[in-house]
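[1] got a sequence here, can you build the structure:
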Amino acid sequence: MNSISKVTLSDHMKLESKKMNKISDILNDLLSDYHIFYQNVRGFHWNLKGENFFDLHEKLEELCLKLNENIDELSERIVAIGFKPIHSYSHFLNQTIHKEITDVCNGEESVRHVVDGLGVLSYSHREAANLAVKADDISSADLLIRFGNELEKRMWTFTMSSKN
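    Numbers count the residues shown, from 1 in each chain. All right, here's what the predicted structure looks like:
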């Protein structure tokens with residue numbers, strides 16, 4: 001093991017450590033946002049009642065699965081650029097721009113919160129992607145742009161489901 005050189009940002013990825021430290025911080029902020037938003041959506045899914053239960057229950061479950069996939073990929077990217085993803089709820093709560101939302105069981109209210117949360121995440125992805133591009137980290141930028149596009153599409157579908 002000692003004969004294998006440690007992968008470094010500057011030697012192997014040709015990325016500046018100072019810039020990548022900032023990217024890591026931004027990705028960890030997004031990770032916090034994802035975790036709190038995920039838990040909010042999970043709560044909407046678990047507690048949903050009333051009209052459109054079956055359709056909305058299924059769509060909220062699909063969103064939870066997608067958010068969980070994004071959490072995993074985001075965490076792996078943080079590791080790939082040489083940093084450590086945060087992993088405690090106390091850190092998530094301190095670093096997120098999302099608020100915990102509890103006791104929501106109404107479908108219309110759930111959709112409103114989902115659309116708002118997806119909008120916040122989408123905006124954060126655009127901001128983070130722009131910073132990643134400036135740091136020459138095209139892999140992180142690509143990941144963030146892809147996630148942002150997916151979130152915007154889901155936001156649109158939830159918006160359309162709330163129109164009568």
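[2] every contact and neighbour count from this point should use C-alpha atoms.
    Noted.
[3] work out the gap between the longest helix along the chain and the centre of the chain.
    The single longest helix within the chain, with elements called by DSSP state H, is helix 17-47. A distance of 5 Å separates the centroid of the chain from that of helix 17-47, by Cα atoms, centre = their mean, to the nearest Å.
[4] that helix packs against which elements?
    helix 53-80, helix 89-95, helix 107-134 (3 or more Cα pairs under 8 Å, 6 or more residues apart in numbering; DSSP states H and E).
[5] pick the most buried one from these.
    helix 107-134 (a mean of 19; mean count of other Cα atoms under 10 Å).
[6] quick one: contacts for the residue nearest the centre of the chain?
    The residue lying closest to the centre of the chain (Cα atoms, centre = their mean) is Tyr34, at 3.8 Å. By Cα atoms under 8 Å, 6 or more residues apart in numbering, the residues touching Tyr34 are 67, 71, 121.
[7] now the second one: how far from Asp33?
    Right, the one you point to is Ile71. For Ile71, the distance to Asp33 (Cα to Cα, to the nearest Å) stands at 10 Å.
[8] and the residue nearest to His91 when sequence neighbours are not counted, what's its pLDDT?
    Counting by Cα to Cα, 6 or more residues apart in numbering, Ser32 is the residue found nearest to His91 once chain neighbours are left out, at 7.4 Å. If you check Ser32, the pLDDT there is 97.
[9] you'd agree Ser32 is up against Phe92?
    Yes. Shown here, Ser32 and Phe92 form a contact pair, counting by Cα atoms under 8 Å, at 4.2 Å.
[10] any weak-confidence spans in this structure?
    Low-confidence segments of the chain (pLDDT under 70): 1-12, 162-164.
[11] repeat that with 50
    1-6, 164 (pLDDT under 50).
[12] keeping just the C-alphas, turn stretch 116-123 into CSV.
    Only the C-alpha atoms of stretch 116-123 are listed here, as CSV (Å, rounded to 0.1, in the frame of the first residue of the first chain):
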residue,chain,number,x,y,z
ASP,A,116,-41.1,25.3,-3.1
GLY,A,117,-38.3,22.9,-1.9
LEU,A,118,-37.5,21.8,-5.4
GLY,A,119,-37.3,25.4,-6.5
VAL,A,120,-34.8,26.2,-3.7
LEU,A,121,-32.7,23.1,-4.6
SER,A,122,-32.8,23.9,-8.3
TYR,A,123,-31.5,27.4,-7.6
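[13] which residues does it contact?
    Residues contacting stretch 116-123 (Cα under 8 Å, 6+ apart): 30, 33-34, 37, 98, 148-149, 151-152, 154-155.
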